[in-house]
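Chemist: Sequence plus the predicted model coming up.
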Amino acid sequence: MFSSLGEASTDSILALMRAYREDPRAEKIDLGVGVYRDAAGTTPIMAAVKEAERHLVETQETKSYVGLSGDETFNAAMARLVLGDAVADERVSAVQTPGGSGALRLLSELAATAGDRPILWVSAPTWPNHMAVGARAGLVCRSYRYFDPETHMPDTDAMLADLSEARRGDVVLVHGCCHNPTGADLDAAQWDRLTALVVERGLVPLVDIAYLGFGEGLEADAAGLRRMAAGVPEMLVSVSCSKNFGLYRDRTGVALVISPPHQRGAVQATLETLVRTNWSMPPDHGAAVVRTILADEALVEMWHDELATMRERIVALRTGLAEAMATHTGSDHYSFLKQHRGMFSLLPASAAQVEALRKDHAIYVTGDGRANLAGLLEDRLDRIAEAFTTVGM
Ligand code: PMP
């Protein structure tokens, strides 16, 4: 059976993680993997999460299955957190998923099941798993231009030109905020232009929001997605709680579908059928934690404060690195770091420069030049800026 299997091509990010782990140099710096780190270099469990977990340990009475769509209270709270009151409840279907990845998989399968062989359009560049998951779910994938390496910001004209080739019913994957890997987000006017194109051409947006609260704040980060949700008849949304609740390994997420009210029953039933044939029942713990936090005012406040601390730390690191680069290069070429949102920025680094950073300076960024700014430590900013300058970036 297995003789036909070649060497499996793993996600390049996973290969980078392995190389970092195996590097014996004490001074090594990991800007590759997409997890938040605090000033001590660790990925802490949030205090609000610990508190909710204590409450669950004391009060939970069963580990029996929750149900195909998962925890309804969690689903409703997440729909509110992401969508606000942009769309009426009777238009929203929701199922709890194992992480944002589970939501992406399910929504891709929904598109493959319900659509007429839709193409999944993803931004160039994007998180590598977007295309991989879409393809596994049976969708043909194409990319649209997104990033302008000159301005380090989105190139909306190019994006809209490419998407004007999309056919009715095609799915357009858009990053809700904190674009991975570029850090370059759409502004309100750009969201509106994209929404107009989606409506005009009858496209279906799939908004992937994995960093809600990491850019400018919960409300600001959801604003573009909500503008779009209010203006389109159909939309898919994949939500991850991995970063903003720090629940990475507890696999917590939700898939939301916005449809006309009369189609909601069919959408919800199809989502549940897809759940049944994938993981049958979602894992409970992470969703139970999130539900517990969002139902308790004191815990919500605690969570907001912790999220703000993480966000402010990332902003401070962005400013710090931009300033260190200004000192080392004598230019403001790296001021784009301050315009970008979220953990990542795409650095203007060639493959050879990425390799030199790793070999000569023990600094790990992904092959395309993506750096996780939340992987930085304050006291290393200068060393990193020096390394970037030395390799000619
Ligand atoms: N979408 C994007 C853009 C991501 O960066 C990630 C995580 N790296 C995900 C989805 C999936 O997150 P999760 O770990 O919750 O599956």
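Modeler: Ah, there it is.

Chemist: Centre of the chain to stretch 45-56, how far?
Modeler: 23 Å (Cα atoms, centre = their mean, to the nearest Å).

Chemist: Show the average pLDDT along that stretch.
Modeler: In this model, stretch 45-56 carries a mean pLDDT of 98.

Chemist: Skip the chain neighbours and tell me the closest residue to residue 98.
Modeler: In this structure, residue 98 finds its nearest non-sequential neighbour in residue 251, 3.9 Å apart by Cβ to Cβ, 6 or more residues apart in numbering. (Glycine included, C-beta is placed from N, CA and C.)

Chemist: what residues are up against the residue nearest to residue 242 when sequence neighbours are not counted?
Modeler: Of all residues not flanking residue 242 in the chain, residue 248 sits nearest, at 4.5 Å (Cβ to Cβ, 6+ apart). Each residue near residue 248 by Cβ atoms under 8 Å, 6 or more residues apart in numbering is listed here: 35, 43, 242.

Chemist: from the residues you listed, which would you call buried?
Modeler: When neighbours are counted using 16 or more other Cβ atoms under 10 Å, these contain these buried positions: residue 242.

Chemist: The ligand next: which of the contacts of residue 248 are close?
Modeler: residue 242 (Cβ under 6 Å from any ligand atom).

Chemist: Let me know the closest of the contacts of residue 248 to the ligand.
Modeler: Relative to the ligand, the closest of these is residue 242; by Cβ to the nearest ligand atom it sits at 3.6 Å.

Chemist: Would you agree the closest one falls within a strand?
Modeler: No. Residue 242 is assigned coil when assessed by DSSP: H, G, I helix; E, B strand; the rest coil, not a strand.

Chemist: correct me, but it touches residue 290?
Modeler: No. Using Cβ atoms under 8 Å, residue 242 is not in contact with residue 290, being 11.0 Å away.

Chemist: list residues touching both of these two?
Modeler: With Cβ under 8 Å, 6+ apart as the test, residue 242 and residue 290 both reach residue 252.

Chemist: Kindly spell out which helices and strands sit in contact with the longest helix anywhere in the chain.
Modeler: The single longest helix within the chain, with elements called by DSSP state H, is helix 297-329. Where contact means 3 or more Cβ pairs under 8 Å, 6 or more residues apart in numbering; DSSP states H and E, helix 297-329 is packed against helix 47-59, helix 285-294, helix 336-339, helix 381-390.

Chemist: hmm, try it at 6 Å
Modeler: Here helix 297-329 touches helix 47-59, helix 336-339, helix 381-390, going by 3 or more Cβ pairs under 6 Å, 6 or more residues apart in numbering; DSSP states H and E.

Chemist: Going by neighbour count, list what's buried in stretch 89-104.
Modeler: 91-104.

Chemist: Could you check the angle the longest helix of the chain makes with helix 381-390?
Modeler: Between helix 297-329 and helix 381-390, the angle comes out at 50 degrees (axes from the mean of the first three to the mean of the last three Cα atoms, to 10 degrees).

Chemist: Counting neighbours, what do you get for the residue of the stretch 251-393 of the chain found nearest the ligand?
Modeler: In the stretch 251-393 of the chain, the residue that lies nearest the ligand is residue 253 (5.0 Å; Cβ to the nearest ligand atom). Residue neighbour count, defined by other Cβ atoms under 10 Å, stands at 29 for residue 253.

Chemist: Surely it and residue 97 touch.
Modeler: Yes. Between residue 253 and residue 97 there is a contact under Cβ atoms under 6 Å: 4.5 Å.

Chemist: Identify the residues contacting residue 381.
Modeler: 320-321, 324 (Cβ atoms under 6 Å, 6 or more residues apart in numbering).

Chemist: returning to that earlier point: now, the buried residues of stretch 89-104 that are in helices?
Modeler: Using DSSP H, the buried residues of stretch 89-104 in helices are 99-104.

Chemist: Now narrow the residues you listed to whatever sits close to the ligand.
Modeler: Among these, the ligand is touched by 99-101 when using Cβ under 6 Å from any ligand atom.

Chemist: What is the least confident helix or strand in this protein?
Modeler: Lowest on mean pLDDT, DSSP states H and E among the helices and strands of the chain sits helix 12-22, with a mean of 86.

Chemist: can you list contacts of it?
Modeler: 30, 32-33, 364, 366-367.

Chemist: switch to 7 Å and redo it
Modeler: 28, 30, 32-33, 128, 364, 366-367 (Cβ atoms under 7 Å, 6 or more residues apart in numbering).

Chemist: Looking at these, which gets the smallest pLDDT?
Modeler: residue 33 (82).

Chemist: Doesn't that one lie inside a helix?
Modeler: No. Counting by three-state DSSP, one finds residue 33 to be coil, located in no helix.

Chemist: what sits against it?
Modeler: Residue 33 neighbours (Cβ under 7 Å, 6+ apart): 13, 17, 372.

Chemist: Now with 8 Å, please.
Modeler: 13, 16-17, 20, 372, 375.

Chemist: Generate a PyMOL selection restricted to the buried subset of those.
Modeler: In PyMOL, a selection of the buried entries from these looks like this (16+ other Cβ under 10 Å):
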select buried, resi 13+16+17+20+372+375
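
Chemist: could I get the contacts of residue 33 as CSV with distance to the ligand?
Modeler: Output for the contacts of residue 33, formatted as CSV (distance: Cβ to the nearest ligand atom, whole Å):
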residue, distance to the ligand
13, 8
16, 13
17, 12
20, 16
372, 10
375, 13
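
Chemist: Out of the contacts of residue 33, which is nearest to residue 387?
Modeler: If you rank the contacts of residue 33 by distance to residue 387 using Cβ to Cβ, residue 375 comes first, at 14.1 Å.
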